[in-house]
Every structure is written in C-alpha cells, then in structure tokens.
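# Sharing a model that was predicted from the sequence below.
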Amino acid sequence: MPATVAAAQWLGCRSRAGCAHGAALARIELQTALELLTARFPTLRLAVPPDRLDVRRDVLTGGLTALPVTW
C-alpha cells in the first residue's frame, strides 16, 4: 500500500479527494517526496542562499516562486 493511501486511511479519509484533513495529508506527501528526492540525489543543495528565496505573496497558501538547486 502506498504511503499516501495509508496516511489517508490513518487520518480517517474515505477518499483523498474528500479528506477533511487535506493540509495534514499534503504535509505527509511533501515530506515523503522530499525524503525520496534527497535519497535519490544525495548531493542536492540549494543553488542560492536561503535568504534569496522568493516567497509567493499572491496566494493564500504561500510557497516559493522558484527553488533553484544543484546536484
């Protein structure tokens, strides 16, 4: 069983689309994706200092406008 499906079931969701705990599930999915990405590319590093990352201010959820990396 994929980790995201197991997490959705643990959170009590009948389907990923109808899950009332979407933010928690999204965090779990992002954490899993980043763990897999760093395992696959162990030399992955930010290409700019963290204080040069641009935070999106045009949407409620925030996020970055770009994530420049090197490996």
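Cool, got the structure.
# Helix or strand with the lowest mean pLDDT in the protein?
Using mean pLDDT, DSSP states H and E, the weakest-scoring helix or strand in the chain turns out to be helix 3-10, at a mean of 55.
# Hmm, L44 is touching V69, no?
Yes: L44 is in contact with V69 according to CB atoms under 8 Å; the separation is 5.6 Å. Where you see a C-beta, it was placed from the backbone N, CA and C, and this is true even at glycine.
# burial measure for V69, as a count.
V69 has 13 neighbours, counted by other CB atoms under 10 Å.
# Tell me the bridge partners for it.
L46 (DSSP bridges).
# how does this protein divide up, domain by domain?
Taking automatic domain parsing as the reference, the chain has its domains at 1-40, 43-71.
# residues near the nearest residue to T43 once chain neighbours are set aside, how many?
What sits nearest to T43 in space, not counting adjacent residues and going by CB to CB, 6 or more residues apart in numbering, is W71, at 5.0 Å. W71 has 11 neighbouring residues, counting by other CB under 10 Å.
# any idea which element the residue positioned nearest the centre of the chain lies in?
Nearest residue to the geometric centre of the chain (CA atoms, centre = their mean): L30, 2.2 Å. Here L30, judged by DSSP states H and E, is contained in helix 22-40.
# on that earlier part again, pick out the shakiest of the domains of the chain, pLDDT-wise.
Note on the domains of the chain: lowest mean pLDDT is at domain 1-40, with a mean of 71.
# For the residue nearest to T43, which residues are in contact?
W71 sits next to 41, 43-45 when contact means CB atoms under 8 Å, 6 or more residues apart in numbering.
# quick one: which of the residues you listed is nearest G63?
Lowest distance from G63 to the contacts of W71 (CB to CB) belongs to L44, with 18.7 Å.
# Please report how far that closest one lies from T70.
Going from L44 to T70 by CB to CB, to the nearest Å gives 8 Å.
# Looking at the two, which one has more neighbours?
Of the pair L44 and T70, L44 is the one with more neighbours under other CB under 10 Å, namely 13 against 10.
# what's the closest non-adjacent residue to the more buried one?
Counting by CB to CB, 6+ apart, the residue nearest L44 is W71, at 4.7 Å.
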